[in-house]
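*Asks:* Predicted model follows, preceded by the sequence.
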Amino acid sequence: LRKLLTQTQASMAQRRRELLLMRTLGASSTLLKRMLRWELMASGALAGLCAAMVVELCSFGLQWWWFEGQWQFHWAIWLGLPGLGSVLVTLAGLGMQRQLLAGTLSDRLRGLGQGLL
């Protein structure tokens, strides 16, 4: 758990630098918010696809070897899990988005110079 939290904090520091650079080059805060939202949604959808693959493989294994039945493809799993993953990751990332875009550009530049980012 400690390693995960450390990695998340390091990732946020790097993300702050990237957003600061984009903002300095002229990107609006609206564009940055939209970009972060799409990135979070895509990450969640990818995680959901991975989850759907694992669920289908487990279902196949159980039905084939344990219950000796025929395996059936489940469309609801392949549609539902990516959608659910996208929603959950986006909701979880909203706090990160607020924290990353907090303050004015000059505040963030000062923080970058002081090593706070």
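*Replies:* Happy to help now that I have it.
*Asks:* helix or strand for Leu88, which one?
*Replies:* Leu88 belongs to helix 75-100 when elements are defined using DSSP states H and E.
*Asks:* pLDDT on the helix or strand hosting Arg15, on average?
*Replies:* Element membership for Arg15 (DSSP H and E) is helix 2-24. Averaged across helix 2-24, pLDDT comes to 69.
*Asks:* downstream neighbour of it in the secondary structure list?
*Replies:* Taking DSSP H and E, what comes next after helix 2-24 is helix 29-61.
*Asks:* could you give the angle of that next one to helix 75-100?
*Replies:* Calculated by axes from the mean of the first three to the mean of the last three C-alpha atoms, to 10 degrees, helix 29-61 forms an angle of 150 degrees with helix 75-100.
*Asks:* what's the burial count for Glu56?
*Replies:* Look at Glu56: counted by other C-beta atoms under 10 Å, it has 16 neighbours. Every C-beta, even on glycine, is put in place using the N, C-alpha and C of the backbone.
*Asks:* Give me the three-state assignment for the residue located most distally from the centre of the chain.
*Replies:* Most distant residue from the mean C-alpha position of the chain: Glu68, 38.1 Å away (C-alpha atoms, centre = their mean). Here Glu68 takes the coil state, with states given by DSSP: H, G, I helix; E, B strand; the rest coil.
*Asks:* I'd like to know how far it sits from Gly61.
*Replies:* Note on Glu68: its distance to Gly61, by C-beta to C-beta, to the nearest Å, is 12 Å.
*Asks:* ok, now Phe73?
*Replies:* Taken as C-beta to C-beta, the span from Phe73 to Gly61 is 15 Å.
*Asks:* again with Trp78
*Replies:* 17 Å.
*Asks:* Give the residue from these two that has the larger number of neighbours.
*Replies:* Trp78 (16 against 11).
*Asks:* give the contact list for the residue nearest to the more buried one when sequence neighbours are not counted.
*Replies:* With C-beta to C-beta, 6 or more residues apart in numbering as the measure, Ala52 is the residue that lies nearest to Trp78, at 5.0 Å, once sequence neighbours are left out. The contact partners of Ala52, by C-beta atoms under 8 Å, 6 or more residues apart in numbering, come to 77-78, 81-82.
*Asks:* just the residues you listed now: which is nearest Thr24?
*Replies:* Closest to Thr24 out of the contacts of Ala52 is Pro82 (34.6 Å), distances taken as C-beta to C-beta.
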